[in-house]
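Asker: When you get a sec, could you give me coordinates for this:
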Amino acid sequence: MFVNILTEEDTYQGKGSGFSLEAIDGVLLGKTMQSMRKRIKMEVVSSESRLQKLINRTTFKYCSDFENQNLSAVTLENKIIDFYKPIYIGFAVLDVSKSLMYDYHYNVMQAHYKNDIHLMYTDTDSLVYYIETEDFYKDLKDNPILIDRMDTANPPSTHPCYIAV
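Answerer: Residues are numbered from 1 along each chain as shown. Next comes the predicted model:
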C-alpha cells in the first residue's frame, strides 16, 4: 500500500522537487534485504599495543597498514549477529515484483510484438528490450495496455507519451 501511494505521488512530482519517491521505495527494499552476516567491525589504531590486542582476538579477520603513517586498520568479524532486519518483507516484495514483470513480459509485450521483441537484460525492476517496429511511440499511443505499467512520470510536454494530468 505504501509503495502504491509513493508511486502515485511520484507521478505528480515536479522536476525540481529535489528527490525521487521511487528512490525511497528502493531504500526501503534495500534495508529489508541487508545481510547481517556480512557486517564487520573496523578499528583504526595507532598504538602497537592496541594493534596486538586486536590481532589476538578470535574475531580478527585482517589488518591493513597505511604506508608512511603510524596507522593500521583492523577488520574484525562480529561475535554476535543480531538478525533484526525483516528479510521476509524484502523477499515477498521481490517475489511479487518478479510475478508482475513476468506477467508484463509474456502477457503484454510478447503477446503484442510476437517474434519482433527480444529481451536483452533484466534487473530487479526493469526490462530492456530490442523491439523491431516502425514507430515504438505510435505503438504506445495506439495500445494503452503497453504503457500502463511503464514509468512515464515527468516526460517533456513535447514527448509522444506525454499525458496531461
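Asker: so who does the nearest residue to residue 117 once chain neighbours are set aside touch?
Answerer: Residue nearest to residue 117 in three dimensions, not counting chain neighbours: residue 131, with 5.1 Å by Cβ to Cβ, 6 or more residues apart in numbering. Every C-beta, even on glycine, is put in place using the N, C-alpha and C of the backbone. Listed by Cβ atoms under 8 Å, 6 or more residues apart in numbering, the contact partners of residue 131 are 113, 116-118.
Asker: Can you mark which positions in stretch 104-123 are buried?
Answerer: By neighbour count with 16 or more other Cβ atoms under 10 Å, stretch 104-123 contains the buried residues 104-105, 108-110, 113, 117.
Asker: ok, now stretch 97-104?
Answerer: 101, 104.
Asker: With stretch 30-40 instead?
Answerer: residue 32.
Asker: now it, how far from the centre of its chain.
Answerer: Counting by Cα atoms, centre = their mean, to the nearest Å, stretch 30-40 is centred 14 Å from the centre of its parent chain.
Asker: What lies in contact with it?
Answerer: If you take Cβ under 8 Å, 6+ apart as the criterion, stretch 30-40 is touched by 61, 75-78, 81-87, 89-91, 93-94.
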